[in-house]
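A.B. asks: here are the coordinates; sequence isn't available:
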């Protein structure tokens, strides 16, 4: 911690499981970064303010209001204060759409950015819209498909700054449940992945997505009667699930030059899968992109009537 | 308990989660029925014999060997004693294929029936082959598709007493995991099912099985932004999963006059789903069918050289 340094403003990404906070100076330099596992899912409404203050208190200035710009699940109905969704098609929400939160502590001015909803088919995002805003800041004319991988991976059709439509897949959460809690857990290991098995499984489920639940049991059966190796089994599980998602995506989105925002193993898996199908996805490091989106919102905040 | 009555032989269905035991007289009448939650999954190898004796001891005759015929996961590698699989295509295994278990107690002669394996695609069953044997006893000329619903539903092509091929779907286990442990659990209730929502979801996933993981998230989104009712959501979840299974089954098995063995709500769900697709499934009560299969094996046991 930079002792004594104060923040000009504060950015926060408050998801279901984690809270990440950046203390920033006047020109956007990071004074300090902190994170905590006190995600929205673990908190009562009255706990949000003290949890936030725990992380930011030393960086606040007495007798002055420091702006705090937040994105993510803190704005959900079960969160700190509801920030009603914008409706797609729309541009990523900005500070004008944010919900101002009344706090006990007079040193902070908290604004929570809304997410985006879609009515048909029903879908929602909270947090990803700020990543999209960050991406669009550097690619204002981008037209194409954006993939935001995660527990609930989102695919968005973007056209000149507008989120036209999007679709969320539970693939990541299903993978976690199956690999940790189903009968398949006995057949898997976390050894080095088997890329060939992964790619073959992707192709199989792109061709026959309806076979998914049978192919999943086939992993267990393969390890019992056909010497399927645990590391191969794990890659196969991942490939079957992502393949069945891509069977839908390749039908409904233009993926030839999709951009994947992310740098972790999930993002890499999507890139490998799309490449294996003959596409040329572009992977962009997303680590700084949420902060970029929050910064845009803060810059707009400065132009708000105070 | 019928005080003092002895068993002529004993039948047992020993699955992963439960043990069911029948004490029978000379002509197949049930002297006593007992069950326990000490399934294979909870037991060390050395615990099987004492667990069984706990239930059957009063019915054994001193100085005489009572036959005990067992089917199910007790015969798996992690079970009491491995009963190696028969390979499909084959008839349901009989007593000649059973594994004789050496017991400490001299009053019992334990035989475990094997399951059936299939190599391509890899698949296994343990317990269901005995239900199939029980069904075939009354329908020896049956040719068609048999559905055995459960946590891992099995579909079998049967032709004149032979299990030609089969396929297992993890649908039931996926339903449990999603409804109890995923983000969807917030959107569901166990109120009376919504049959129309169920049937519509089945049809949707038969038509577009690749949309499954997106439609699943759509349940959560629907409850957040489109007032989807919890009971409708639960029926929809069930329908989407069964529909995606049926997309595969209707392509790969002859379902026009499929027979569903079972009487619980899972069997009813498959029947409703198939009927909604214009088929005419027949549901047969399966409660006595495992005992029927074990009895067949025991009748053959009596003909074995002792």
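C.D. replies: Structure's in. What do you need? Quantities reported herein were computed from a predicted structural model and do not represent experimental measurements. Residues are numbered from 1 along each chain as shown, chains lettered A, B, ... in the order given.
A.B. asks: distance of the residue of chain A most remote from its centre from residue B:125?
C.D. replies: The centre of chain A is farthest from one residue, residue A:225, which by C-alpha atoms, centre = their mean lies 39.0 Å away. With the distance defined as C-beta to C-beta, to the nearest Å, residue A:225 ends up 11 Å from residue B:125. C-beta coordinates here come from the backbone N, C-alpha and C atoms, glycine included.
A.B. asks: picking up where we left off before, I'd like to know how far the residue farthest from the centre of chain A sits from chain B.
C.D. replies: Taking C-beta to the nearest C-beta, to the nearest Å as the measure, residue A:225 falls 5 Å from chain B.
A.B. asks: and stretch A:102-114, average pLDDT?
C.D. replies: Here stretch A:102-114 scores 97 as its mean pLDDT.
A.B. asks: Identify all contacting residues around that stretch.
C.D. replies: Here stretch A:102-114 makes contact (C-beta atoms under 8 Å, 6 or more residues apart in numbering or on different chains) with A:10, A:49, A:52-53, A:56, A:60-62, A:64-71, A:74-75, A:79-81, A:83-86, A:93-95, A:97-101, A:126, A:129-130, A:294, A:297, A:301.
A.B. asks: Let's see which of these end up in helices.
C.D. replies: A:49, A:52, A:53, A:56, A:129, A:130, A:294, A:297, A:301 (DSSP state H).
A.B. asks: show me where the stretch 1-150 of chain A has strands.
C.D. replies: Counting by DSSP state E, counting those that start in this stretch, the stretch 1-150 of chain A has strands at residues A:9-14, A:19-24, A:30-36, A:66-71, A:86-87, A:99-101, A:108-112, A:116-119, A:122-125, A:143-148.
A.B. asks: Contacting chain B as well, which ones from the contacts of stretch A:102-114?
C.D. replies: Contacts with chain B within those, counted by C-beta under 8 Å from any C-beta of the partner chain: residue A:85.
A.B. asks: residues contacting the residue in the stretch 1-150 of chain A that chain B sits nearest to?
C.D. replies: Using C-beta to the nearest C-beta, the closest approach of the stretch 1-150 of chain A to chain B is made by residue A:122 at 4.1 Å. By C-beta under 8 Å, 6+ apart, the contact set of residue A:122 is B:218, B:221, B:222, B:224, B:225, B:226, B:228.
A.B. asks: just checking, the first one touches residue A:119?
C.D. replies: This means residue B:218. No: using C-beta atoms under 8 Å, residue B:218 is not in contact with residue A:119, being 11.1 Å away.
A.B. asks: Comparing these two, which residue is more hemmed in?
C.D. replies: Just comparing residue B:218 and residue A:119: by other C-beta atoms under 10 Å in any protein chain shown the higher neighbour count belongs to residue B:218, 25 against 12.
A.B. asks: tell me what whichever strand or helix holds residue A:177 is packed against?
C.D. replies: Using DSSP states H and E, residue A:177 sits within helix A:171-181. Contacts defined by 3 or more C-beta pairs under 8 Å, 6 or more residues apart in numbering or on different chains; DSSP states H and E place helix A:171-181 against helix A:230-252, helix B:171-181, helix B:212-225.
A.B. asks: if you set the cut-off to 10 Å instead, what comes out?
C.D. replies: strand A:153-159, helix A:212-225, helix A:230-252, helix A:265-276, helix B:171-181, helix B:212-225 (3 or more C-beta pairs under 10 Å, 6 or more residues apart in numbering or on different chains; DSSP states H and E).
A.B. asks: Reformat these as JSON lines; add distance to residue B:26 and mean pLDDT.
C.D. replies: Shown next, in JSON lines, are the helices and strands packed on helix A:171-181 (distance: least, C-beta to C-beta, whole Å; pLDDT from 0 to 100):
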{"stretch": "strand A:153-159", "distance to residue B:26": "63", "mean pLDDT": "97"}
{"stretch": "helix A:212-225", "distance to residue B:26": "38", "mean pLDDT": "97"}
{"stretch": "helix A:230-252", "distance to residue B:26": "48", "mean pLDDT": "97"}
{"stretch": "helix A:265-276", "distance to residue B:26": "62", "mean pLDDT": "96"}
{"stretch": "helix B:171-181", "distance to residue B:26": "38", "mean pLDDT": "96"}
{"stretch": "helix B:212-225", "distance to residue B:26": "52", "mean pLDDT": "97"}
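A.B. asks: Of all those, which one is nearest residue A:29?
C.D. replies: helix A:265-276 (27.3 Å; C-beta to C-beta).
A.B. asks: For chain B, tell me whether that closest one is touching it.
C.D. replies: No: on the criterion C-beta under 10 Å from any C-beta of the partner chain, helix A:265-276 is out of touch with chain B, staying 13.2 Å away.
A.B. asks: buried residues in the helix or strand just after that helix?
C.D. replies: Note on helix A:265-276: by DSSP H and E, the next helix or strand toward the C-terminus is strand A:282-284. Using 16 or more other C-beta atoms under 10 Å in any protein chain shown as the test for burial, strand A:282-284 gives residue A:283.
A.B. asks: Quick check: closest non-adjacent residue to residue A:284.
C.D. replies: Spatial nearest neighbour of residue A:284, excluding adjacent residues (C-beta to C-beta, 6 or more residues apart in numbering or on different chains): residue A:261 at 5.6 Å.
A.B. asks: My guess is that neighbour contacts residue A:128. True?
C.D. replies: Yes: counting by C-beta atoms under 10 Å, residue A:128 is a contact partner of residue A:261 at 8.7 Å.
A.B. asks: Mutual contacts of these two, please.
C.D. replies: A:146, A:148, A:150, A:154, A:156, A:290 (C-beta atoms under 10 Å, 6 or more residues apart in numbering or on different chains).
A.B. asks: What separation is there between residue A:232 and residue A:216?
C.D. replies: Counting by C-beta to C-beta, the gap from residue A:232 to residue A:216 is 14 Å.
A.B. asks: what sits against residue A:284?
C.D. replies: By C-beta under 10 Å, 6+ apart, the residues touching residue A:284 are A:135, A:138, A:139, A:146, A:259, A:260, A:261, A:262, A:263, A:267.
A.B. asks: May I see the PyMOL selection of the buried members of those residues?
C.D. replies: Isolation of the buried members of the contacts of residue A:284 (16+ other C-beta under 10 Å) is achieved in PyMOL through the command below:
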select buried, chain A and resi 135+146+259+260+261+262+267
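A.B. asks: Just send the contacts of residue A:284 back as TSV, with distance to residue A:36 too.
C.D. replies: Below are those laid out as TSV (distance: C-beta to C-beta, whole Å):
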residue	distance to residue A:36
A:135	26
A:138	29
A:139	31
A:146	28
A:259	30
A:260	28
A:261	24
A:262	22
A:263	22
A:267	24
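A.B. asks: and the contacts of residue A:284, which of them are in helices?
C.D. replies: A:135, A:138, A:267.
A.B. asks: What about residue A:268, how many residues nearby?
C.D. replies: 15.
A.B. asks: For it, which non-adjacent residue is spatially closest?
C.D. replies: Nearest non-adjacent residue to residue A:268 (C-beta to C-beta, 6+ apart): residue A:283, at 7.3 Å.
A.B. asks: how's chain A carved up into domains?
C.D. replies: A:1-120, A:127-289 (automatic domain parsing).
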